Structure formats: structure tokens, C-alpha cells
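K.L.:
this one's sequence-less:
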């Protein structure tokens, strides 16, 4: 039996979960790894705060250096934020400690530098909890799919937005309403922008793509759109045409060490796609590799227990498993304009109802000017009518062409990429009334 | 760079895939593990057979000892079957070689003895490809969920039966018809009994439960029912009540080192269950642990490429990762009668149509004798009518009670466990006509 001293930075929701998991499952880890993990010090901001977990009072300190001086080999960072977390992680690595963190922003923005420091010091830096909550996706890529060339990643990486979209669909409510409810229930932050504007998913995608493609991903190279523009009408109409709308994070590499395209934004998935049924706070990632074909991992993307699970799994591996491959390409070629070429769901909100005949004649009209219409549907909601078109081979110029050709007063025009191929009827005219 | 000699036993579909994957992805493995894997000898039965892969002719031998004498550190067994595979694996371990195998029957039946031998010789025995094709499920349990107490496993572990059930549903065809088609397409064996009678899923469940619960599972402790008794009528009626019928493998442990219940057989899953949408040859496993909550892994359960992927991933780990925990409980307590207590879908085929009024009055009748009816539905198919009941708190005596109470001539009575809870309307009377 080997005794391993652990320092814990942060005792909020995740920190409390990590402390409890390490204590409750200490026996399991000991049996399976031969290592006994003991928390020696816990760094907090307010030492007088009442804590929901017993026995921590004598471990608490407000001095980071006390943590490093308590004989710890592993430091767990679950404070969050960027600057102070960065300083702590850097200093812990410099002091020769292994570091486990759940901090996606830190790894997405400073991961390259911190990884290099860890390598130089001969210690590990692990961050499974930063992506997909409890889902062991980084470990799967690094240890269990390392003989594969992973060339495509498609993920639902943010639980808050997936919960909001699910509620909007199931209750037919508007974005603002569901957001307010989610904030009241604690499922969304008071300042929700990191989640609903897609930044959280962008950080996670950058971490996944870096590991899978062995290339440094710059956050500026990820076009990012959130879900504020998604309406429950769009969701309803998409569903009636056979699709779910999800906030998707996508990355693809064209050939080994080839150009990479990345994107975060709402997109349509055919109902039979493995990610289409992933609802609520669940997260999921589909990885496509040259030999494994496709593997999808689904699990709870947030919450005290799943996040603590991922942190503690890393703690159990940090002294045991070899480092995940080190070398990365510095400035990989990045494809822009990834928004073009595929199928596109275009939603047009108007007051004038085209009706079944109108929709069919519209389709003929668009096909005469060589816009291939795969599916078409209309739905009315109160005084307004929404027209939905799935167009093939999307091109940015189509927006203006459509506005000109439609010949109707347009209140709103929104468009979403369509992922995968609907395997049922390719062309379907679903003219429905909401 | 370390050069590792590899011996390959078998050059059928999987063996050919493994050879190609090792050759094509040799560079990827070298970059990520620092090890260069070289196939030195390939054991085949017929040395004169035309091979679909180039460059193997000078590696082929029909003498197993030549493989061991060619300086190999890793032996890959992809011959299948029990006796000769057992002898080869035993001899390879005895000779101090690490062994990677895709042979679920071998591991389910002789795994305990072979693991002990491997431990004694200080080598590893890995078999990721034996369960779930390319899905890295054993590695996930062993390395990425080892800090969790996994207490429940629910899996779709056989691709052939999942394909058959999917085709029966989508095309409304009978089991025999779909089986014949599957055999013609090569998706089912000429002798399909290992798949359709559930034995293949049973082997895989035994392997999963052994690893997750750290307990020796005896195959005799797994009640096993195949899909020969499932009709497309049952599937249709279940779907209309909101469920999918899948061949499920289930294992549950009640408390750490507590009693275990195991089962393979067709069961109903609510449509919103993560496994309900897993169709065709895909496999999936949901693992529930005390901290991670639920993680579901989905991927291709068979086929040359996914199986080769799992084998080659093991090859890349065999010299690198530590042994997955060794100790197992020898004779864990096993719960029988796991078939009782939960909800049950009972299908009664008859000629006399009860109709909507009949179904409702039947429900009253059953509730008067304290049989709680959660859902009820009828469907007619040609001359026969099928009545479907979802009953709570199933008890084996209900079959006779039902036959007595129904008061109609029964042509067929079949019942299936219902897994999970339908989250929509708990009670629904769907009286439909097929």
C-alpha cells in the first residue's frame, strides 16, 4: 500500500463532491490501484463558512503555500475561473505535483503551456472532468482509441443548453421563459452567457480536438453561435420534418495532419441519429475513427456527483497510467467556411400563409433556379406562419436569393446546418398546422 | 523505439482485419506508445488458401510452436471456438507471452483459470474485442470507472439479434423470414443458435459482470432466453404503447459484494431510454456507478473493422497499462427469481376481439382481483387479435390467473419484463388497429 497526499483547491459544489467521493470510495481505489489517497489540505477563500461535509474543518487553509508544504503529490484544482486557477496549477506543477483539474476554460486557453510545464517537470496534468462531466471521453481517446485515427467529433457538450432546448421542445415555451426557470432551479447561471452563447461548448471542443487530432486548436478558429436565436417554432417544425435541434460541437480533420474544420452552433440531427435522443442535462460525444467506425458516449454532463467522479478517476490514474501522447502540431491548417456545402434548414417567419399549394409551388419555383429542396413544411403559430425548407448544397448567397424569390414579407429568417442523412424518405412534404 | 514481435493465430475475417489494422496504423501506435508492433508469424489451418491481404504468405505457418519460437512477446488469438483456442492461449501464457483475444466463449468459460495463469506468469490477458465489438467497454470499466462502484449493467450485446429485431419492426416481417434474409446477407451464421438463443449475449454479460462486480460469474447462474418467441405483432403493439423490444443483458449487484442478479432475454424499454434507439448491428452498454451515475457506450458490435480495432487497441495497451484489478469473489451470492417483481408486458393472442369496451372492462376486472394494470392496448393482425397489458409487480402465478380471468380462447400468451419507467403518461389506453 502506497499513501498519496492530496491537496484540494476549492470546496464549492464540485470540491465538496470530490472530497466526499475520495473519502467514500477510498477503499475501492485502494483495492484496485494499491494506492491510498488522503486529502491533507483544502484551500478555501472563506475559512468561516459553514460546510456541508463533516471533518474538513481541520484541513482548511486560506494559504496556497500551506497546501504545497503539506506533503502532497497530487493537487486537485476545482476553483474555476482563469487567473488564480492558472497561478495555482502552474505553481503546483512547478513544485513537482501532479495536477487534476475540472477547469475547461483554463485548459482550453492555457493547456498548451501547462502541458509543456508538466512534461518538463515529469508530472501529469489530467482534466477528464473538463469535458462531458462524468463521461470518460478524454480517457477513451487517449487510452482506448489510441490505435485509431479519430477524424470526426460530434458532441452535445453543454448540459444547460441541452436542458433548455429539451424544455422548449417538450413544453413549447420560449427561450427566455425556459432560461428564467432554469436559473430559478439552479440549472443555469445568473450570467448564462458562457453556456447559452456557446463558449463553454467551444472550450470543450477545443480540448477534445486537441487530443484527438494532436494539434493545437486556437479558440479563435472555432466559429461559435449560441441558442438565443432558436425559437420553439423552429424546434416544432424541425421535429415534424423528422429532426431534433441540438447545440452541436463539431470538429473534423480531412486526412491525417490535414486541415481541420471546427464549429459550435445549433444544428438539426435526423431523429435516428445517436445524438438526437440525448435530452436534458445529458451530454454525449460521437467519435469516428478509421477502424472503430463510430463510438458514442453518453452520460451526465454536469452536477456534483458525475463531475466528482471524473476528477477522482483522474486522481486514481495520475500515478498509474502513462502520459497520453505529447506531441501536437503547432499551427494546423484550419478550414473556414465550414458553414457551406451541406444541407441547411431555413426557417422563414411570415404573416402570409403560403398553405399547401403555395409551399408546393414555391418548391417548383426554387428548383427552377437550381435550389434543390429536400424537404418543405409549414406550420402556423397564432398570427404568424413559419415556413421550413431543407435545402441541399447550402451557399451563403442563398439567403438573399430566397428573400427575393419568396415574394412575401419576411419577419424572421434563420438557418441551421443539417447533420447526417435522414435515412427514411429523402423528400417529404410535411405541411402541418401547429 | 521498442520493437515488439506479434504472433497472430487465425486469418479469417477478424484476423485479416487485425493484420491490416496493425500494418496500416503501425505509425499511429508508434507515435503514441513508442512501440513498433511487427507481426512475425500467422497460424492458419490451410496454408494454400488464397488470402485477401498482401504480404502474408511468408508469415504463414500451420505449426503453433513456430509462432512461439519466432520471438513474439504478444500473441493474438482470433481463431474462435473453445478447445484449440484454449490450448493455444494457455501455451502462449505459459511461454511468457501476453495474450490478446476476441474469444468471448473462451473467456466466459475458462477466463478464471487463464487469468490466474497470466498473473502467475507476470503477463497480461486482454479481451476487449470479446464484448461489444469496437466499443471500449472493458477498458472503460477497468481504467476509467475504477473509482466507482458499478452496480448495474444493461446491454444490447448481440448485433445479429438486434439487427433481426430492428428488421422485424421496420419491415413488419416474421422472425423466420428475417433470419433467412440475415443468413443470406452474412449477418447471421448458418447455425444461428448461439446468437438467437442468447448464448453469445450470456457469455458477454458474464465477462462484463465479472469485471464490474469483481466476482466469478458462473454461466449457469444467468437465466437466458432468446428471441425466437418474439413476433412482429408483439413488437408493433409494444411500440404503440411507447416501448421498444430489445434482447437485453442485465446484471445488478445489491450492495458492495452483495448478491447479484443476472438475466438475458427480450425486454421492453421505454422509448426515451438511452438503449431504445440503438438499432441494427449496433451494440450498447449502460453502466451505472455510485458517482458517475449513468454512462452509456454505443458502437458497432461486430464486423471486421470494429473488432480489429478493439484487438489492436489491446495490443497497444498490453505492455503499457497496469493489470486491471485481480481479486475476484469466488462464489458470489446469486439471486434467482429475478423475473418477478417488476412491470411485465403480457401479450395474449386470440381470435375474439375484445375491442375498446372489452379492453376497458377487462382492466376493471383485473384490478378487482388486485392486478394493477399500467397500460392496455389491442391490435388486430389479419384474423387474429393481440391484447397487450403492462402489469405491475409481476408474479409467476399471474399467467394462470390471466388465462382464467380473460375468459377468451388464447392462441398464444407471451410475457416480457419492462425495464425502466415510462416518464410520460403512466396509464394509457392505446386501442389501435394494425
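P.N.:
Yep, that arrived. Small disclaimer: the values here were computed from a predicted structure and weren't measured.

K.L.:
only C-alpha atoms for contact and neighbour calcs from this point on.
P.N.:
OK.

K.L.:
OK, contacts around the spatially closest residue to residue A:94 that is not a sequence neighbour?
P.N.:
Leaving aside its sequence neighbours, residue A:94 sits nearest to residue A:121 (Cα to Cα, 6 or more residues apart in numbering or on different chains; 6.7 Å). Residues in contact with residue A:121 (Cα atoms under 8 Å, 6 or more residues apart in numbering or on different chains) are A:93-94, A:96.

K.L.:
by neighbours, which of those wins?
P.N.:
Counting neighbours by other Cα atoms under 10 Å in any protein chain shown, residue A:93 leads the contacts of residue A:121 with 24 neighbours.

K.L.:
which residues does that residue contact?
P.N.:
With Cα under 8 Å, 6+ apart, residue A:93 has these contacts: A:99, A:117-118, A:121, A:123.

K.L.:
are any of those residues buried, and which?
P.N.:
Buried subset of these (neighbour count, 16 or more other Cα atoms under 10 Å in any protein chain shown): A:99, A:117-118, A:123.

K.L.:
could the residues you listed be laid out in TSV, adding distance to residue B:108 and pLDDT?
P.N.:
Shown next, in TSV, are these (distance: Cα to Cα, whole Å; pLDDT from 0 to 100):
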residue	distance to residue B:108	pLDDT
A:99	39	98
A:117	45	97
A:118	42	97
A:123	39	97
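
K.L.:
and the two most separated of the residues you listed?
P.N.:
Farthest-apart pair in the buried ones among the contacts of residue A:93 is A:99 and A:117; separation 11.3 Å (Cα to Cα).

K.L.:
which stretches of the stretch 251-400 of chain A form strands?
P.N.:
Listed in chain order, the strands of the stretch 251-400 of chain A (DSSP state E, counting those that start in this stretch) span A:260-270, A:282-289, A:293-300, A:343-350, A:373-381, A:384-391.

K.L.:
list the buried ones in the last one?
P.N.:
Which is strand A:384-391. Within strand A:384-391, the residues that count as buried by 16+ other Cα under 10 Å are A:385-391.

K.L.:
could those be laid out in CSV, adding distance to residue A:319 and pLDDT?
P.N.:
Shown next, in CSV, are the buried residues of strand A:384-391 (distance: Cα to Cα, whole Å; pLDDT from 0 to 100):
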residue, distance to residue A:319, pLDDT
A:385, 60, 85
A:386, 57, 88
A:387, 57, 88
A:388, 54, 91
A:389, 54, 90
A:390, 51, 92
A:391, 52, 91
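
K.L.:
separation between the residue nearest to residue A:94 and chain B?
P.N.:
Separation of residue A:121 from chain B (Cα to the nearest Cα, to the nearest Å): 20 Å.

K.L.:
residue closest to the middle of chain A?
P.N.:
Chain A has residue A:157 as the residue nearest its centroid, 1.9 Å off, counting by Cα atoms, centre = their mean.

K.L.:
test my guess that that residue contacts residue A:284.
P.N.:
Yes: Residue A:157 lies in contact with residue A:284 (Cα atoms under 8 Å); the separation is 6.6 Å.

K.L.:
what touches both of the two?
P.N.:
A:132, A:301.

K.L.:
can you give me the neighbour number for the closest residue to residue A:346 other than its chain neighbours?
P.N.:
The shortest distance from residue A:346 to any non-neighbouring residue, by Cα to Cα, 6+ apart, is to residue A:415 (4.3 Å). Residues near residue A:415, counting by other Cα under 10 Å, number 20.

K.L.:
what of residue A:344?
P.N.:
By other Cα under 10 Å, 24 other residues sit near residue A:344.

K.L.:
in space, what's closest to it - neighbours in sequence excluded?
P.N.:
Residue nearest to residue A:344 in three dimensions, not counting chain neighbours: residue A:417, with 4.6 Å by Cα to Cα, 6+ apart.

K.L.:
in contact with the one you found, which residues?
P.N.:
Taking Cα under 8 Å, 6+ apart, one finds A:266-268, A:339, A:342-345 in contact with residue A:417.

K.L.:
10 Å - rerun?
P.N.:
A:245, A:265-269, A:339-346, A:390-391, A:394 (Cα atoms under 10 Å, 6 or more residues apart in numbering or on different chains).

K.L.:
residue A:305 now?
P.N.:
Residues near residue A:305 by Cα under 10 Å, 6+ apart: A:13-14, A:16-18, A:20-21, A:133-134, A:311, B:290-293.

K.L.:
any idea how far residue A:361 is from it?
P.N.:
With the distance defined as Cα to Cα, to the nearest Å, residue A:305 ends up 55 Å from residue A:361.

K.L.:
quick one on the thing from earlier: let's see which of the contacts of residue A:93 end up in strands.
P.N.:
residue A:99 (DSSP state E).

K.L.:
would you convert the contacts of residue A:93 into TSV that also reports distance to residue A:43?
P.N.:
Formatted as TSV, the contacts of residue A:93 follow (distance: Cα to Cα, whole Å):
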residue	distance to residue A:43
A:99	14
A:117	23
A:118	21
A:121	23
A:123	21
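
K.L.:
with that, I have no additional questions.
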